[in-house]
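J.: show me the folded form of this:
(one chain, ligands or ions: 1)
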Amino acid sequence: MVNNEIKAAEENLIHVYNRFPVVLDHGEGMYLYGTDGKEYLDFAAGFAVTGLGYDNQELKDALKAQIDKLCHISNLYYHESCGEAARALNRVSGMDRVFFTNSGSEAVEGALKAARRYAFTKKTGRYEFIAMKNSFHGRSFGAVSVTGHDAYREPFEPVLPGVKFAEFNNLDSVRELVNDRTCAIILEPLQGEGGINLATQEFMEGIRRICDENGLLMICDEIQCGMGRTGSMFAWQGFGVKPDILTMAKAIGNGIPAGAFAMTEHVAEYSLKPGDHGATYGGNPLACTAVRKVIEIFEREDIVGHVNRVAPYLTRRLDELMSDTDCVIERRGKGLMQGIVLTKPAAEVNSRAVEEGLLVIQAQGNVLRFVPPLIVEEKHIDEMIGKIKRALA
Ligand SMILES: *Cc1c(COP(=O)(O)O)cnc(C)c1O
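T.: I've put the predicted structure just below:
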C-alpha cells in the first residue's frame, strides 16, 4: 500500500521534489502519522505553515461550516469573511491595506508590482530592486528574480531585469547599489531557506534610513518568519522597523492556501488601482475564513506569548546539543525559527531524523532548520533533542 502510493507519485508527478519515503495520513497536535501507523514528531510544520498544529478543533469546525456555505464567489462581490480577515490581518501586521493571494510567491509578485506601480504614479522612472544574497522569495518569475541563490535563478534566465544583490547585514554593500533608478529594497528580516540568518538591528534600521533618504520602498518578506514565529506577531515589530510593503503567507492560513501583501496608506494612495492586479481565488471565502479564524485563535490563546515562553528552552537545549556534539558548530535564529550548522552532510542527518520519527528541514549552508508548530511544549523539545542526537550519532 505504502509502496503503491510512492510508485504512483513517482510515475505521474514531475520530479522536482526529493521526497522522503514516507506516506503521511493524519496529524494530531505536534505529531504526524504515516499510513503504516508510524509517529513523527513535527519540527517542520509543513515549512512553517501549520503554526497551530494539526487538529485545532475550532479551526476545523469553522472551515467545515464555511465549506457547507460557500467556498468561492469571485472578487466582483463582497463576502463577510474577506473584510473581516483583512481587518484582522491589518491589525496584527500593523499595515493599512491588504491584498489576498494564494501563495507566498504570488504575494512577492504583488509586492514587486505594487512598488513599480508606486514609481509609475510618481513618475520617478525608478524600476530597479535591491535584494539580498542568500534570500529566498519564491519560485515564480518575479520571485526568483529577487532570490539570491544562483541555483534557483540561473536555469530560467533571463529573469526580471534591474535586480541587484547586496550582502545581507552589510549596509555598505546596499548603499553601493542605490542609484536614481532604484525603486525598492526587499529583504527577509530572518532568512529561512538561506540558512536561518537573522538581520541585525543596525541592518534593519539602516535599510529603513537608506529607503527614507532616497525615496525607496522597503519590502519585508515575512512569509516564513511572520505570524508569531520570532516572538512578535511579525518580525518587523520585534525590530521596531516598519516596512512600506509586507508579504505574508505560510502560517496565516495554517494549511489552507492563503497569502497576502499589505502596504501603508501612503503607498496605497500612489500604488495599485482598479484593474491593475487581481487573483481569481485570492481571498476567497474559504481562505479568508481560515485567516480570520487563525488570527482569532492566535490572539485569544496568546500564541505569541507562548512562543516567548517556550523559545528560550529551545535555544538552551540547542546550545547544549552544540556543546555536547562535535558535528554541531553553530546555532542561529530567533524564537521558534532556529537552525544548527553541521559539519556532517545535513541531508544525511535529515534522512536519519525521519527514520527516528522526527521531521526537520534543511536550509542552505549545511543547516538543519527547526520550525515547529508554535504550540510546541518543552516536553516536545526534549523528545526532539533525543531523536536528533540519535540522528547525529
Ligand atoms: C516559502 C517562502 C516564499 C514562497 O512561498 P510559496 O507559498 O511557496 O510560494 C517566499 N518567501 C519566503 C521568505 C518563503 O519562506
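
J.: how distant is stretch 49-62 from the center of its chain?
T.: Mean C-alpha position of stretch 49-62 versus that of the full chain (Cα atoms, centre = their mean, to the nearest Å) differs by 18 Å.

J.: just give the closest residue to whichever residue of the stretch 151-300 of the chain sits closest to the ligand, not the sequence neighbours.
T.: Going by Cβ to the nearest ligand atom, the ligand is nearest to Gln224 of the stretch 151-300 of the chain, at 3.3 Å. Bear in mind the C-beta positions are built from the backbone N, C-alpha and C, glycine included. With sequence-adjacent residues excluded and distances taken as Cβ to Cβ, 6 or more residues apart in numbering, Gln224 is closest to Gly192, at 3.9 Å.

J.: hang on, that neighbour packs against Arg229?
T.: No. With contacts counted by Cβ atoms under 8 Å, Gly192 stays clear of Arg229, the gap being 9.3 Å.

J.: out of the two, which sits in the more crowded spot?
T.: Arg229 (32 against 27; other Cβ atoms under 10 Å).

J.: I'd like to know how far the spatially closest residue to that one that is not a sequence neighbour sits from the ligand.
T.: Closest residue in space to Arg229, ignoring its immediate chain neighbours: Met337 at 4.8 Å, by Cβ to Cβ, 6+ apart. The gap separating Met337 from the ligand is 10 Å, by Cβ to the nearest ligand atom, to the nearest Å.

J.: quick one: residues contacting Met337.
T.: Ala48, Leu190, Gly192, Ile196, Gln224, Cys225, Arg229, Thr230, Arg369, Phe370, Val371 (Cβ atoms under 8 Å, 6 or more residues apart in numbering).

J.: got it, and Val371?
T.: Shown in contact with Val371 (Cβ under 8 Å, 6+ apart): Phe43, Ala44, Ala45, Phe47, Ala48, Gly192, Gln224, Arg229, Leu336, Met337, Ile361.

J.: what pLDDT is listed against the nearest residue to the fifth one once chain neighbours are set aside?
T.: Which is Ala48. Leaving aside its chain neighbours, Ala48 sits nearest to Val371 (4.2 Å; criterion: Cβ to Cβ, 6+ apart). pLDDT, Val371: 98.

J.: how far away is Val371 from the ligand?
T.: To the ligand, Val371 is 10 Å away according to Cβ to the nearest ligand atom.

J.: phi, psi for that residue please.
T.: When read as degrees, to the nearest 10, the backbone of Val371 gives phi -130, psi 70.

J.: then Arg91?
T.: Main-chain torsions, Arg91, degrees, to the nearest 10: phi -60, psi -50.

J.: helix/strand/coil for the residue lying closest to Ser135 once chain neighbours are set aside?
T.: Excluding the flanking residues, the one nearest Ser135 by Cβ to Cβ, 6+ apart is Gly148, at 4.2 Å. Judged by DSSP: H, G, I helix; E, B strand; the rest coil, the three-state class of Gly148 is coil.

J.: quick one on the thing from earlier: now the contacts of Val371 in TSV, please, with extra columns for secondary structure and pLDDT.
T.: TSV is the format used below for the contacts of Val371 (DSSP: H, G, I helix; E, B strand; the rest coil; pLDDT from 0 to 100):
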residue	secondary structure	pLDDT
Phe43	coil	98
Ala44	coil	98
Ala45	helix	98
Phe47	helix	98
Ala48	helix	98
Gly192	coil	98
Gln224	coil	98
Arg229	coil	98
Leu336	coil	98
Met337	strand	98
Ile361	strand	98
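
J.: name the member of the residues you listed that has the highest neighbour count.
T.: Arg229 (32 neighbours).

J.: my guess is it contacts Ala48. True?
T.: Yes. Contact criterion Cβ under 8 Å: Arg229 and Ala48 qualify, at 6.4 Å.

J.: spatially nearest residue to Ile375 (excluding sequence neighbours)?
T.: Residue nearest to Ile375 in three dimensions, not counting chain neighbours: Gly53, with 4.9 Å by Cβ to Cβ, 6+ apart.

J.: now the helix or strand where Lys293 lies: buried residues?
T.: In this structure, Lys293 sits in helix 285-300 according to DSSP states H and E. Neighbour counts over helix 285-300 (16 or more other Cβ atoms under 10 Å) mark 285-295, 297-298 as buried.

J.: now for the helix or strand following it, which elements pack on it?
T.: Counting by DSSP H and E, the next helix or strand C-terminal to helix 285-300 is helix 303-324. Packing contacts for helix 303-324, counted by 3 or more Cβ pairs under 8 Å, 6 or more residues apart in numbering; DSSP states H and E, involve strand 328-334, strand 337-342, helix 378-392.

J.: what's the most buried one of these?
T.: Most buried of the helices and strands packed on helix 303-324, by mean neighbour count (mean count of other Cβ atoms under 10 Å): strand 337-342, with a mean of 24.

J.: partner strands of it and their direction?
T.: Partners of strand 337-342 in the sheet, by DSSP bridges, are strand 328-334 (antiparallel), strand 367-370 (antiparallel).

J.: residues contacting the last one, please?
T.: If I follow you right, that is strand 367-370. So strand 367-370 is contacted by 43-44, 192, 195-196, 314, 318, 332-333, 336-342, 346, 349-350, 353, 360-363, 384, 388 (Cβ under 8 Å, 6+ apart).

J.: that older thread, can the buried residues of helix 285-300 go into a markdown table with extra columns for distance to Ile256?
T.: Converted to a markdown table, the buried residues of helix 285-300 look like this (distance: Cβ to Cβ, whole Å):
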| residue | distance to Ile256 |
| --- | --- |
| Pro285 | 11 |
| Leu286 | 6 |
| Ala287 | 6 |
| Cys288 | 9 |
| Thr289 | 8 |
| Ala290 | 4 |
| Val291 | 8 |
| Arg292 | 11 |
| Lys293 | 10 |
| Val294 | 9 |
| Ile295 | 13 |
| Ile297 | 13 |
| Phe298 | 15 |
